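>>> Sequence first, predicted coordinates after that:
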Amino acid sequence: MNLTLDEVAAQVRACTRCELYRSRTNGVPGNGNPQAEIMFIGEAPGWHEDKQGVPFVGAAGQFLNEMLASAGLTRDEVFVTNIVKSRPPGNRDPLPDEIAACSHYLDAQIAAIQPKVIVTLGRFSMARWFPGERISRIHGQARRFGSFVVVPMYHPAAALHQASLRETVEADMAKLPRIIDEARQNSANDEEATPPIVQTRLF
Ligand code: URA
């Protein structure tokens, strides 16, 4: 049965599926528009996110907000979450078993929101759809997966720490309005191509 976003959030806050619950302050389910056409998926909550229970509120979040604004988007119209919903101690990389334990929540969020575009931020969320790929090779390129397209991008924190990546992230973000328009067009075409279910009567 499909979960609502509120149900997912309640489960994330009470989650003990992996060891991260022992050291976290708050589970961080995600936030934004429940009907968003576009979803951003980062890595894992950091210190600020763990304290507030809200994703991308620290320095990387400020940069993400600026990048969204440059693409004509606000946090209110998108949905932002992470591949892992509890903070790894000391902001270490999430472990494979932590990512696996959390994937059920991301599946449920994607099913509830039904986005047209998913932007992965960084290599951990990218690996969910592009296992074994290198971000330096495929960043900014949209690929369709059934009813949505996935666009891998560098993590905003990487761009904060490495000035040369900032322009790359800006250029990839600048492509988003067009990618969103194309995804809208594709989903409109899909709806046209799918014949309505007609009740036939047998005489
Ligand atoms: N980095 C992430 O990947 N996610 C957050 O929520 C904050 C920083």
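Nice, I can see it.

>>> C-alpha only now, for contacts and for neighbours.
Fine.

>>> Can I get stretch 76-93 in PDB, CA atoms only?
Extracted in PDB, the C-alpha atoms of stretch 76-93 (Å, rounded to 0.1, in the frame of the first residue of the first chain):
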ATOM      1  CA  ASP A  76       8.300  25.900  -1.900                       C
ATOM      2  CA  GLU A  77       7.800  24.400  -5.300                       C
ATOM      3  CA  VAL A  78      10.300  21.600  -5.200                       C
ATOM      4  CA  PHE A  79      10.800  18.700  -2.800                       C
ATOM      5  CA  VAL A  80      14.200  18.200  -1.200                       C
ATOM      6  CA  THR A  81      15.300  15.100   0.500                       C
ATOM      7  CA  ASN A  82      18.400  12.800   1.000                       C
ATOM      8  CA  ILE A  83      19.300   9.300   0.100                       C
ATOM      9  CA  VAL A  84      20.000   8.700   3.900                       C
ATOM     10  CA  LYS A  85      17.600  10.300   6.400                       C
ATOM     11  CA  SER A  86      19.700  10.300   9.500                       C
ATOM     12  CA  ARG A  87      23.100  12.000  10.000                       C
ATOM     13  CA  PRO A  88      26.200   9.800   9.800                       C
ATOM     14  CA  PRO A  89      28.400  10.700  12.800                       C
ATOM     15  CA  GLY A  90      31.000  13.400  11.900                       C
ATOM     16  CA  ASN A  91      29.400  13.700   8.400                       C
ATOM     17  CA  ARG A  92      31.200  10.600   7.200                       C
ATOM     18  CA  ASP A  93      30.000   9.000   3.900                       C
END
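
>>> buried stuff in it?
Buried residues in stretch 76-93, defined by neighbour count with 16 or more other Cα atoms under 10 Å: 78-88.

>>> filter the residues you listed down to the ones near the ligand?
Of the residues in the buried residues of stretch 76-93, proximity to the ligand by Cα under 6 Å from any ligand atom holds for residue 82.

>>> At the contact with the ligand, which residues of this protein appear?
Counting by Cα under 6 Å from any ligand atom, the chain sits next to the ligand at 42-46, 49, 55-56, 60, 82.
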